[in-house]
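S.K.: Model the structure of this input:
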Amino acid sequence: MTDLDSLGHTEPNAVGRCYRRGTMTGYSLGRCRCDYCRDSYARYRAARRASGKDGPQPARSVDTDGHLPRNWFRTAIWLPSLKAADLEIRVRMHDMRHAHASWLLAGGADL
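M.R.: Residues are numbered from 1 along each chain as shown. Next up is the predicted model:
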């Protein structure tokens, strides 16, 4: 094993900082790809995988409770309707909120 103090420091990175060779910061922030830095990084990652900390993450799901996904209305109804209407202006979902409130007020609804 090589003495880390004898390895010296990395070349300055884009911000002008130097890091000790053979360390995680030397590899990641210093962008050093010497044998010592690569081996240090590989050992660190192997240790994390062995301890179960870096296992593959499951795919994230928005609709875990069995209901409709939150973007269902947008993708299945709203966007196809806008395309079929071929409007010259951009209509957002939020615009419909204001329109609906105006229609309620015009119909005599109480705020």
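S.K.: ok, residues contacting the helix ranked longest in the chain?
M.R.: Looking across the chain with DSSP state H, the single longest helix is helix 35-50. With CB atoms under 8 Å, 6 or more residues apart in numbering as the test, helix 35-50 has contacts from 2, 7, 10, 21-24, 26-28, 30, 54-55. (Glycine included, C-beta is placed from N, CA and C.)
S.K.: Of those residues, keep whichever come out buried.
M.R.: Leu7, Thr10, Arg21, Gly22, Thr23, Met24, Gly26, Tyr27, Gly30 (16 or more other CB atoms under 10 Å).
S.K.: Surely the last one is within a helix?
M.R.: The one in question is Gly30. No. Checked against DSSP: H, G, I helix; E, B strand; the rest coil, Gly30 lies outside a helix; its state is coil.
S.K.: what about stretch 68-78, how long is it end to end?
M.R.: One end of stretch 68-78 sits 15 Å from the other (CA to CA, to the nearest Å).
S.K.: The buried ones among the contacts of helix 35-50: which two are farthest apart?
M.R.: Leu7 and Met24 (13.8 Å; CB to CB).
S.K.: Return the helix or strand in the protein with minimum mean pLDDT.
M.R.: helix 4-7 (a mean of 66; mean pLDDT, DSSP states H and E).
S.K.: about what we covered before: which one of the buried ones among the contacts of helix 35-50 is nearest Gly107?
M.R.: Met24 (64.4 Å).
S.K.: Run a quick neighbour tally on the closest residue to the closest one other than its chain neighbours.
M.R.: Closest residue in space to Met24, ignoring its immediate chain neighbours: Tyr44 at 5.9 Å, by CB to CB, 6 or more residues apart in numbering. Residues near Tyr44, counting by other CB atoms under 10 Å, number 13.
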